[in-house]
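Trainee: The following block contains a protein sequence and its predicted model.
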Amino acid sequence: IKQVYTFGGGVKHEDPRSRDKIICGGKGANLAEMAGIGLPVPPGFTITTEECVKYLAEGANFSDQLRADVAEALTHIEKTVGKRFGDAADPLLVSVRSGARVSMPGMMDTVLNLGLNDATVEGLAKVSGDERFAWDSYRRFIQMYSDVVLGVEHHLFEEALEIAKEDNGYENDTELTAADWKKVVAEYKGIVEAELGRAFPLDVNEQLWGAIQAVFDSWDSDRAKVYRRLNDIPGDWGTAVNVQAMVFGNMGETSATGVAFTRDPATGEKAYYGEWLVNAQGEDVVAGIRTPQYLTKAARERAGAKPLSMEEVMPAAYGELADVFELLEKHYKDMQDIEFTVERGKLWMLQTRSGKRTAKAALKMAVDMVAEGLIDETTAIKRIDPMALDQLLHPTLDPKATRDVLGKGLPASPGAASGTIVLDADTAEKRAELGESVILVRVETSPEDIHGMHAAKGILTARGGMTSHAAVVARGMGRCCVSGASGVSIDMKSRTLKIGNRNLKEGDVITLDGSTGDIMAGEVPTVEPELAGDFAELMTWADKHRRMKVRTNAETPADCKMARQFGAEGIGLCRTEHMFFDASRISAVRQMILAEDEAGRRAALKKLLPEQRDDFAQIFMVMAGLPVTIRLLDPPLHEFLPQGDAEFADLSETIGIAVDTLKRRADELHEANPMLGHRGCRLGITFPEIYEMQARAIFEAACDVIDKVGDAPVPEVMIPLVATRRELAILKKLVDETAAQVFAEKGKSVEYIVGTMIELPRAALMAGEIAEEAKFFSFGTNDLTQTTLGVSRDDAARFLSPYVDKGIYARDPFVSLDIEGVGQLVQLGAERGRATRADLKLGICGEHGGDPASIAFCEKVGLDYVSASPYRVPIARLAAAQAAL
Ligand code: ADP
Ligand code: MG
Ligand code: MG
């Protein structure tokens, strides 16, 4: 199999490997493709990624075959260009460029102007008629080669150049003359010799193979490894090497170099966007040595900039470039990111690839391209990363605003928020009620902070990861959250805090950026999301193509309303315990929990009934006509207990039971392992009056709502943490009897069904039997993951990220479903359940219901719906469509 592929100079790319990104890398494959469609590409060749993988495993013992193939490919370049490599009279120069399967901008190495030495530089000077250009190129080469291949630190060269400029009283590089550059070259060579104890290599073949190895090696450089980890790129892909004839953008005022996008990558606007520099080589544009200029006249004028655009300075080359833009977009049917060089008026293409873009731009381009007939709807749907929609659904910081960054944490929940710092949940709630925007800052959060989190515009924690309580709850609420900001230390006594090295106090204003994790001083202005237009259009297409329904996890009327606006088709999980935490009811809840007997509990439940009924009625109003899955009380009771003497004293006063008695009851409720303790349906079995009250509240509310809106919701009563058929049978009977009673009292009835959450391995295994009692299953994959992996979600932060780093789990199993393991239980549960009851409704309501990879799995298993937090609903709609296509 060939490992070296030539391009340019009329080469026909018959071998599909030559246009395959996996074999030749993105850069090589696209250079071949561009040359193939007749664009002006300097000739060259590509050594495959397979050769890189071999080199990294076996070292630099290149085969004779490879050396012969490279020599032959070099001859191809020489013939095409009409110059010879190492020819002292008229030398061919080449660039040696990395290029992996996907672009890793700036991560790996490139060497330009290779083939220069003391003899060839004279030839270059003569043939070009420009001595200054030749010596400038030579010093660039020594500097770059020494840095990339020989490992000499580049600041040594920069310092030498600075001194040369100072000595001559120059400001810019452009002022150095040929004689000056000659002196700089001599100095550079001296630096190399002093650093390495040997001379800079003057043999051009030694230079070439040195650069090839350096490019291969750069695949395993530290920064490349970090980039791969952050972007989920496997370490065994390797990079290709592209060797290409040099063209020169630094041959005076009719030469130039630049980068361009065929559409604006920030806004998606159909307008060329780019930067260029006269008399410069490629790296100058990105390195910031000189400030690049605008490409088009329109962009220059809009920015009010003076230096003329390429369109104005080089109209002919610009016109040619604009034609290339059009051709490339038609060819690749996508926005292209392009590198080009103009050598003495002639345009050369050096790179093209599909350009990276913001979510907003991605949407606009996809919708525009469908309208232009460039792509069809399904291509548009597939092209948008569902997770990127998150950027669009929350208010974001005005990109034009300046930031005074105090510190950084994890970007736990996107969006942005400014407000005054408050250090506890009650204060957050009080101040928010007075109309203040507050940011809740805690070491970490717990369920008792929910009301404060809800009241806050943003949440900042010093501890906890991306799946900490704060992060999960904030994402669910759509609150912006920065978690695990280790630079934050809080002193509750003086109610002050330190962020980084800045001292702050409660009441000071800060701003959080939940998309980057930045914590900033003062208020930074935000801009509201735009849900109409392109977004709405793409969503209609997605809805047309998906099979699964998308519901939401929500328990407040406000969240339900928002989710409906985002397109939710029902509620997949309404967690009733959140309603119990409400400040106005917590004492009745505590009275119920601490009651000595059933009579005591019933007295407390009586107080809770109207409140709970009202909760459901409000939700049913918003969700009229849609299914609403309500999960009966799930958490262990001790979570609701008073904390500290003051709270016990308060409660004692309210409910008239002595503090000592209360404390004794509280102690009795203590559990060693509450996650696996007295919770879920176990509460319903031991204290049936709790579930009875909840069922009554549901049915009374449903009956009342029919009267008001005429369109009833369909309550789906869900029993949590079921492991056996018998548990469900007992509780289903309780719910059915309560329903019958309410319907008799009200003289009317509503449709409803009873089902269960499948969240224990036993339930999945016994799904066939359980389905005899259940009309629906909802896979509670949070608990199912905990119980299957034997990993407590609340304690996992400490070891899960090292686990992911070591590749033990590919991704955090609480974020993206462990399809191999937990997925088997879901599939098995679905199959066994359906075997018993063909029309069993199947859904998922864990965090995974909003994760695209997990959603694709749900489609495969044939679930009827996924349920996600409100802000994830659009993501789920798009992901469900992609999964179905
Ligand atoms: P990166 O992947 O970091 O962008 P490249 O291999 O694309 O690295 O090289 C960086 C820059 O070097 C290019 O943008 C281009 O301007 C310049 N360059 C590369 N090869 C050549 C060449 N054969 N002739 C002229 N300039 C080149
Ligand atoms: Mg490039
Ligand atoms: Mg659960």
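Mentor: Nice, thanks for sending it over. Ligands and ions are numbered 1, 2, ... in the order given.
Trainee: Unless I misread the structure, Ile198 falls within a strand.
Mentor: Check again: residue 198 is Arg, not Ile. No. With DSSP: H, G, I helix; E, B strand; the rest coil as the criterion, Arg198 is assigned coil and is not in a strand.
Trainee: Tell me how far it lies from Ala186.
Mentor: Computed with CB to CB, to the nearest Å, the distance linking Arg198 and Ala186 is 17 Å. C-beta coordinates here come from the backbone N, C-alpha and C atoms, glycine included.
Trainee: What's opposite the residue of the stretch 351-500 of the chain found nearest ligand 1 in the beta bridge?
Mentor: Nearest residue of the stretch 351-500 of the chain to ligand 1: Gln351, at 5.1 Å (CB to the nearest ligand atom). Beta bridges link Gln351 to Glu339 when assigned by DSSP bridges.
Trainee: Might you report the residue contacts of it?
Mentor: By CB atoms under 8 Å, 6 or more residues apart in numbering, Gln351 lies in contact with Lys27, Asn30, Leu31, Asp337, Ile338, Glu339.
Trainee: Please give the centre-to-centre distance between stretch 797-804 and its chain.
Mentor: Remark: stretch 797-804 is offset 19 Å from the chain centroid, using CA atoms, centre = their mean, to the nearest Å.
Trainee: Skipping adjacent residues, who's closest to the residue in the stretch 701-850 of the chain positioned nearest to ligand 1 in space?
Mentor: In the stretch 701-850 of the chain, the residue found nearest to ligand 1 is Asp805; the distance is 26.6 Å by CB to the nearest ligand atom. Spatially, and ignoring its direct neighbours in sequence, Asp805 is nearest to Arg229 (7.4 Å; CB to CB, 6 or more residues apart in numbering).
Trainee: Around ligand 1, pick out the residues from the chain.
Mentor: Counting by CB under 6 Å from any ligand atom, the chain comes close to ligand 1 at 42, 95, 97, 106, 110, 112, 244-247, 257, 282-283, 339, 341, 350-351.
Trainee: Take the residues you listed and keep only those in helices.
Mentor: Using DSSP state H, the subset of the residues of the chain next to ligand 1 located in helices is Gly282, Glu283.
Trainee: Could you pick out the buried ones from the residues of the chain next to ligand 1?
Mentor: Among these, the ones that count as buried by 16 or more other CB atoms under 10 Å are 42, 95, 97, 110, 112, 244-247, 257, 282, 339, 341, 350-351.
Trainee: among these, which are in strands?
Mentor: Using DSSP state E, the members of these that fall in strands are Ser95, Arg97, Thr110, Leu112, Gln244, Ala245, Thr257, Glu339, Thr341, Leu350, Gln351.
Trainee: Glu689 versus the residue of the stretch 351-500 of the chain closest to ligand 1, what's the distance?
Mentor: Taking CB to CB, one finds Gln351 at 71 Å from Glu689.
Trainee: Same question for Asp217.
Mentor: Between Asp217 and Glu689 the computed distance is 71 Å (CB to CB).
Trainee: Check Asn117 too.
Mentor: Asn117 sits 92 Å away from Glu689, going by CB to CB.
Trainee: Next: Gln207.
Mentor: From Gln207 over to Glu689 the distance is 85 Å, taken as CB to CB.
Trainee: between the two, which one's more packed in?
Mentor: More crowded of Gln207 and Glu689, by other CB atoms under 10 Å: Gln207, with 24 against 17.
Trainee: Which residue ranges of the stretch 301-450 of the chain form helices?
Mentor: Per DSSP state H, counting those that start in this stretch, the stretch 301-450 of the chain carries helices over the ranges 310-313, 315-332, 359-371, 377-383, 390-393, 425-433, 450-455.
Trainee: What of the stretch 501-650 of the chain?
Mentor: 533-545, 557-565, 577-580, 586-594, 598-622, 644-655.
Trainee: quick one, which of the ones you listed is nearest to Ser489?
Mentor: Among the helices of the stretch 501-650 of the chain, the nearest to Ser489 by CB to CB is helix 644-655 (22.9 Å).
Trainee: The residue of the stretch 701-850 of the chain closest to ligand 1 contacts Lys225, doesn't it?
Mentor: No. Asp805 lies out of contact with Lys225 (CB atoms under 8 Å); the separation is 11.3 Å.
Trainee: which of these two has more neighbours?
Mentor: Lys225 (14 against 10).
Trainee: remind me which residues of the chain are low pLDDT?
Mentor: Residues of the chain meeting the criterion pLDDT under 70: 105-106, 230, 286-289, 465-467, 476, 478.
Trainee: How about the residues of it by ligand 3?
Mentor: Within the chain, the positions adjacent to ligand 3 are Glu759, Gly780, Asp783 by CB under 5 Å from the ion.
Trainee: For His578, state which of these is nearest.
Mentor: Using CB to CB, Gly780 comes nearest to His578 of those, at 15.6 Å.
Trainee: I'd assumed Gly755 was in contact with that closest one.
Mentor: No. Gly780 is beyond contact range of Gly755, at 11.7 Å (criterion: CB under 8 Å).
Trainee: Just want the residue of the protein that's nearest ligand 3.
Mentor: Asp783 (3.6 Å; CB to the ion).
Trainee: ok, how many other residues are close to that residue?
Mentor: Using other CB under 10 Å: Asp783 sits among 22 other residues.
Trainee: In terms of helices and strands, where is it?
Mentor: Assessed by DSSP states H and E, Asp783 sits inside helix 781-789.
Trainee: So what touches whatever helix or strand comes next after that helix?
Mentor: Using DSSP H and E, the helix or strand that follows helix 781-789 in sequence is helix 797-805. Residues from elsewhere that reach helix 797-805, judged by CB under 8 Å, 6+ apart: Arg229, Gly464, Gly465, Thr467, Ser468, Val791, Tyr809, Ala810, Arg811, Asp812, Pro813, Phe814.
Trainee: I'd like these laid out as JSON lines, including secondary structure and neighbour count.
Mentor: Formatted as JSON lines, the contacts of helix 797-805 follow (DSSP: H, G, I helix; E, B strand; the rest coil; neighbours: other CB atoms under 10 Å):
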{"residue": "Arg229", "secondary structure": "helix", "neighbour count": "12"}
{"residue": "Gly464", "secondary structure": "coil", "neighbour count": "24"}
{"residue": "Gly465", "secondary structure": "coil", "neighbour count": "19"}
{"residue": "Thr467", "secondary structure": "coil", "neighbour count": "23"}
{"residue": "Ser468", "secondary structure": "coil", "neighbour count": "23"}
{"residue": "Val791", "secondary structure": "coil", "neighbour count": "17"}
{"residue": "Tyr809", "secondary structure": "coil", "neighbour count": "18"}
{"residue": "Ala810", "secondary structure": "coil", "neighbour count": "13"}
{"residue": "Arg811", "secondary structure": "coil", "neighbour count": "15"}
{"residue": "Asp812", "secondary structure": "coil", "neighbour count": "19"}
{"residue": "Pro813", "secondary structure": "coil", "neighbour count": "26"}
{"residue": "Phe814", "secondary structure": "coil", "neighbour count": "26"}
